[in-house]
Structure formats: structure tokens, C-alpha cells
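[1] Build me a structure from this.
(one chain, ligands or ions: 2)
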Amino acid sequence: MAAGGDAALPVTRTDLDPKDQKRVEAVTRPATDFSKPEQFELMAGGAATSRATPNGNAFSHFSANITFEEEQTFKLGNALFTKLWVSAPSSTQASDGLGPLFNARACQSCHLKDGRGHPPEGSADATSMFLRLARPARTDEEREAIADYRKLNFPDAVYGAQLQDLAVPGLKSEGRMQVSYEETPVTLAGGEVVQLRKPIYSVTDLGFGPLEGDVTLSPRVAPPMIGMGLVQAIHEADILTKADPDDRDGDGISGRPALVRDHRSGELKLGRFGFKAQNASIRDQSSSAFAGDLGLSTPDDPFDHGDCTKAQAECLARPTGVQKRLGPVEAPDPVLPLVTFYSENLAVPARRAIGDTTVLSGKELFYRSGCTACHTPKFVTRRDAGNKAHAFQLIWPYSDFLLHDMGEGLADGQQVGVADGREWRTQPLWGIGLTETVNAHTFFLHDGRARNLTEAILWHGGEAGKARDAFASLAKPDRAALIKFLESL
Ligand code: HEC
Ligand code: HEC
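    Residues are numbered from 1 along each chain as shown. Ligands and ions are numbered 1, 2, ... in the order given. Purely as a prediction, here's the structure:
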């Protein structure tokens, strides 16, 4: 457990007495009986689970166990999450500060219906997706900064850390993401042929000259917003015990914890959020979204010009949206805490059809195919969680929140702190079966290349190659059962 030691993170649960520790071990043991649902399996997010009818709003409900007062806070956060920001100066001063460069006008423009975004389909619309720009360290000093977790990587000298395809009136935007696909057929057991589409990314209409030669493009589609407060309340020790960076148990699956610095305290923490687990808290992820995606300063990230770089003088010369009487930044308190609270309390929907025999056999095949080696079914959150609603809940996220080498096929070649260019954080699977209901599409994976769940599984490579092969060699009805299980999540 060197990684845990390195960060002085606890490797045993410090929040439980021995009796509770035993209870937790018993209740989180992997399933062995697939003849019926497990106890509490219906309630994927514990007592916070939403039991509302699973319709298009299925991801927009608040944790079922928050207080009436917290419900009001959630609603204020919701208003800010959906708020359309405008550029400064404007007549509605409390709403300005957008940009100068930005990818969207509201959080909700990407996290559509609190669910997931999608790649541009047909039209030029790329709003719910963007390209991260980064280059590796070039000098010993830079390598040192990464080794010491002070930097995750280095931005493009001109374009910064992200390609913003929008800009305030009168300012050139940075360019447009282009994606084209190459199809490759894959044959599964029984002869079924599936076409996988490999995306190829480029940027056109670059507004400020070429990108630096060693800058890579990392495409990211906005992920769903559910259950994140519960993820934040998983005890570090429960994630670290699953890490096996040197694959000591020889199962071909390593799993590395992402260690990152808390933005405010600078302390080394376990990263959990973002596709490379590059943020330790929902607040850090949210302040980065204000800065990078919307171009708004917050108390945690007080630079008013978002992702404008020194090389973008025109951008830096734009007026800011700071209103001194409201506060020293464009989105002064309580904007960030409210949006953070909102993001922490979007409820996980209850499972559907958990007693269905096909779903149960699909669940068994999910276990037998090795999916649970990374998609860890359950955890019990910490007793001392900051928000009581998240404390000591049996939750079913189906993720180990560790980084895995997923092979060349999914690689973006971009290092983000501890994560190298082939590694991704295991994506939680809860709610995945409601993607079509909420977002009217079934594009999966970090860049939406998979057009359905089968394609998403077939893209698994690297450490997940064995599990992918196990799925591909299942008989067709068994593959369908496994998919039906995923659809019940
Ligand atoms: C331009 C699109 C876009 C906008 C606007 C946007 N996001 Fe995101 N969001 C993303 C993408 C893409 C990711 C995955 C990011 C990554 O891997 O770094 C993400 C990730 C997140 C996560 C972590 C999710 C997880 O599963 O780990 C949170 C929390 C979040 N966003 C909150 C917000 C908030 C709050 C706002 C508004 C201030 C916002 N986002 C605005 C695209 C967007
Ligand atoms: C070695 C770890 C590992 C194993 C084993 C594994 N996965 Fe994954 N899974 C991941 C990672 C990491 C991602 C995110 C990849 C990405 O977005 O590019 C992912 C993503 C997914 C997604 C898409 C999630 C989304 O929201 O877009 C599905 C579906 C999925 N896995 C199902 C499975 C199934 C079914 C199996 C077993 C056949 C399996 N996985 C085995 C690590 C693993």
C-alpha cells in the first residue's frame, strides 16, 4: 500500500468500530447466489435513492433522505446549474462574466437533464463535449512538479488547457473540434458482427496559430451527475485496498489510485472525479468547470479570464463580470457552495426488474466474465461523512474508482497527473440503463464513441481485455442477458 502511505491516506477504516467493520464486510461481500436479488439491491444509492417513476427526469431528483431545509438549498443550486450566464458587461449584472472563452453558457448545457452529453452527430454541435489540451513535462523541473503532484500536466502555451469553441462577441473563438470515424468489424461468438467506430480528432479554424507539437487532444463527453456525494463519502481505505499497482495477485488487473492535491488546502488526497480521477472533491471539479467550461471566476479559482493565456492579449483585455458590490469574483459565494451541494445530491434512481430471471442470469455472467474486478458492485460509505444523508449507506456504484490501462484503442495519449495516456478511471455504472430514457441516446465511454452497451464493452482492452474476450465469447442469449442486467442498473 505504498500509494496510501505516500499520501498518508488511511489504509484501514478509521470511522468504524470492530463490530461495524464486520457488518460492513458481510454486506459488501460479492454476490454468490444469483437465484434472487440481494438484500437492499433495489436501492442503488442507499437511503438517498430516488423511487420516483423512471422518466426523462430520472437523474434530476434530490437525495431522498435530505432535510426540508437542504431541499431548499438543492433548489437554489439547481437554479444556478441551469442558469445561462452572459458576457460582461450586461444589464443583468448578477449573471455576467461568461468567458471570454467558453464551451457552454450553463452547466446544464453539457450535463443535459443532469445526465450525459453526446458527441456531435451530423451537425456541428459539440456543446456537451470538449477537447482537453495538454503536453507532457519537458524539463526536470516540470517532471519534478508532476512527481510532487503540483501539476497534472502542462497547457498549450497559446490555447491553454482546453479548446474553447465559443467566445464573447467580437473575440475569435479558439477553433472547432472535428471528429471522423473509421469502422472496423468485430465478430462475436455465434457469428454476429458488430461495427466499432474509431474516432479521429482534429481541430479546424484554429484562431491563434498552430497548437504546440507535443500537445495531445483528450476528448471528453459530459458524464451523468448522479450519486456523486455518495462517491465522495466512500472511505479512502475501501478504494485503496482494491489497488494492486504491481498486479501482485496476478489477475492481469492492477488498478492504481489517483493522488491529487486538494485545490484549497494543497493536501494530497485520493482523486475520484473526472475521467482520469483528477479531482478529489466535487467542489474542485465544479470550480474547474466554472473556470474552464464557462470562463467564470470563483473564490477557489479567482482568475477572471478563464482559460485565456498570456499569448491571447485580446482575450485578457476583455472586461470581467466582477461586480464589487456582489463580491471579488464573477461567481462569488454562495454560488460555488450551492452548485456543489446540488451536484452532491442528485439521487441515484432505484433499480428496475431486479428479480427478473434474465437480469439475474445477466448479473451472474457479469460476475463470471470478470467485470467486477473493476466495476466493484458495492460499498458502505463512511459513518463520519460531512453530509448525514451520505453517511453509512450501502451503495452500488459498480466502480472501484481506480485508474486502469484500457489499452491502445481507448488511449488518448494524455497524461493527467498519476494517470498515463492509456489509463481511465472505472466509470460507475449506476443509472446507465436509464441513459436512453433521460438523454434519448445511448452513446457511451469517455468520448461517446460507443453507440450502445455492446460496443462499450467491446472497446475494453488492456487490463480489461480478458473480460472483453469473455463477453465476446458468450453465446448470443447470454450476451443479451448481461446487457439486460446493465439496463436494470
Ligand atoms: C462544456 C461542457 C461542460 C460544462 C459546461 C460543464 N461540464 Fe461538468 N463535466 C464535463 C465533462 C466533459 C466532464 C468530465 C471531465 C473530466 O474528465 O475532466 C465533467 C465532469 C463533471 C463532474 C465530475 C463527474 C464525475 O463523474 O466525476 C462534475 C461534478 C461536474 N462536471 C460539474 C459541473 C458543474 C458544477 C458545471 C457548471 C459550473 C459543469 N460541470 C459544467 C462537461 C461540462
Ligand atoms: C480493467 C478494469 C475494467 C474491467 C475488467 C471492466 N471494465 Fe468496464 N470500464 C472500465 C473503465 C476504465 C471504463 C471507462 C472507459 C472509458 O470511458 O473510456 C469502463 C466503462 C464501461 C462502460 C461504459 C460506461 C459509461 O458510462 O460510458 C460499460 C457499459 C462497462 N464498462 C461495462 C463493463 C462490462 C460489462 C465488463 C465485463 C465484461 C467490464 N466493463 C469490465 C474498466 C473496466
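
[2] which parts of the longest helix belonging to the chain are buried?
    Counting residues, the longest helix found in the chain (DSSP state H) is helix 68-82. Going by neighbour count (16 or more other C-beta atoms under 10 Å), the buried part of helix 68-82 is 70, 73-74, 76-78, 80-81. Backbone N, C-alpha and C define where each C-beta goes, glycine included.

[3] What segments of this structure are strands?
    101-102, 129-134, 166-167, 176-187, 193-204, 216-221, 258-261, 268-271, 379-380, 394-395, 403-405, 423-425 (DSSP state E).

[4] right, and these - which one's nearest ligand 1?
    Across these, ligand 1 has its closest neighbour in strand 216-221 (3.5 Å, C-beta to the nearest ligand atom).

[5] Partner strands of the closest one and their direction?
    strand 129-134 (antiparallel) (DSSP bridges).

[6] quick one: is the strand it pairs with near ligand 1?
    Yes - remark: strand 129-134 sits within contact range of ligand 1 at Phe130, by C-beta under 6 Å from any ligand atom.

[7] And for Lys378, the neighbour number?
    Counted with other C-beta atoms under 10 Å, residues neighbouring Lys378 total 20.

[8] which residues sit in contact with it?
    Neighbouring residues of Lys378 by C-beta atoms under 8 Å, 6 or more residues apart in numbering: 27-28, 394-397.

[9] how about a cut-off of 7 Å?
    Shown in contact with Lys378 (C-beta atoms under 7 Å, 6 or more residues apart in numbering): 28, 394-396.

[10] Relative to Ile354, how far out is the spatially most central residue of the chain?
    Central residue of the chain (C-alpha atoms, centre = their mean): Gly274, 3.8 Å from the mean position. Note on Gly274: its distance to Ile354, by C-beta to C-beta, to the nearest Å, is 30 Å.

[11] ditto for Leu453
    From Leu453 over to Ile354 (counting by C-beta to C-beta), the distance is 18 Å.

[12] circling back to that earlier point, kindly compare burial across the strands of the chain and name the winner.
    strand 101-102 (a mean of 27; mean count of other C-beta atoms under 10 Å).

[13] Neighbouring strands - and their directions - for that strand?
    When DSSP bridges is applied, strand 101-102 pairs with strand 166-167 (antiparallel).

[14] for ligand 1, what are the nearby residues on this structure?
    103-104, 107, 109-111, 128, 130, 220-223, 228, 273-275, 282, 285-286, 289-290, 293-294, 339, 343.

[15] Could I get the full set of helices for the stretch 1-150 of the chain?
    Counting by DSSP state H, counting those that start in this stretch, the stretch 1-150 of the chain has helices at residues 2-6, 18-28, 68-82, 107-110, 140-147.

[16] need those helices in CSV with mean pLDDT, can you?
    Shown next, in CSV, are the helices of the stretch 1-150 of the chain (pLDDT from 0 to 100):
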stretch, mean pLDDT
helix 2-6, 46
helix 18-28, 96
helix 68-82, 98
helix 107-110, 96
helix 140-147, 97
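
[17] can you tell which of these is closest to ligand 2?
    Nearest of these (C-beta to the nearest ligand atom): helix 107-110, 14.9 Å.

[18] Briefly note if stretch 42-61 comes near ligand 2.
    No - counting by C-beta under 6 Å from any ligand atom, ligand 2 has no neighbours in stretch 42-61; the shortest distance is 12.6 Å.

[19] Sort out which residues of that stretch are buried, please.
    Buried-residue list, stretch 42-61, by 16+ other C-beta under 10 Å: 43-50, 54, 57-61.

[20] Need the CA coordinates for it. CSV is fine.
    Taking Å, rounded to 0.1, in the frame of the first residue of the first chain, the C-alpha atoms of stretch 42-61 are listed here in CSV:
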residue,chain,number,x,y,z
LEU,A,42,-33.1,-2.2,-5.3
MET,A,43,-31.8,0.9,-3.5
ALA,A,44,-28.7,1.5,-5.6
GLY,A,45,-27.9,4.8,-3.7
GLY,A,46,-28.9,3.5,-0.2
ALA,A,47,-31.4,5.7,1.6
ALA,A,48,-30.6,8.6,-0.8
THR,A,49,-32.1,6.6,-3.7
SER,A,50,-34.9,8.2,-5.7
ARG,A,51,-38.0,6.0,-6.0
ALA,A,52,-39.7,8.4,-8.5
THR,A,53,-41.0,7.0,-11.7
PRO,A,54,-38.1,6.5,-14.1
ASN,A,55,-38.9,9.0,-16.8
GLY,A,56,-36.9,11.7,-18.5
ASN,A,57,-36.3,13.5,-15.2
ALA,A,58,-34.9,10.3,-13.6
PHE,A,59,-31.5,11.9,-12.9
SER,A,60,-32.8,15.2,-11.6
HIS,A,61,-34.2,14.3,-8.2
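
[21] ok, now which ones touch the closest residue to ligand 2 within the stretch 51-200 of the chain?
    Ligand 2 sits closest to Arg116 of the stretch 51-200 of the chain, with a gap of 7.1 Å, by C-beta to the nearest ligand atom. Going by C-beta under 7 Å, 6+ apart, Arg116 touches 221-224, 435, 439.

[22] one step back: dump the buried residues of stretch 42-61 to CSV, plus pLDDT.
    Compiled in CSV, the buried residues of stretch 42-61 are given as follows (pLDDT from 0 to 100):
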residue, pLDDT
Met43, 98
Ala44, 98
Gly45, 98
Gly46, 98
Ala47, 98
Ala48, 98
Thr49, 98
Ser50, 98
Pro54, 97
Asn57, 98
Ala58, 98
Phe59, 98
Ser60, 98
His61, 98
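
[23] Now flag whichever of the residues you listed is closest to ligand 1.
    Phe59 (12.1 Å).
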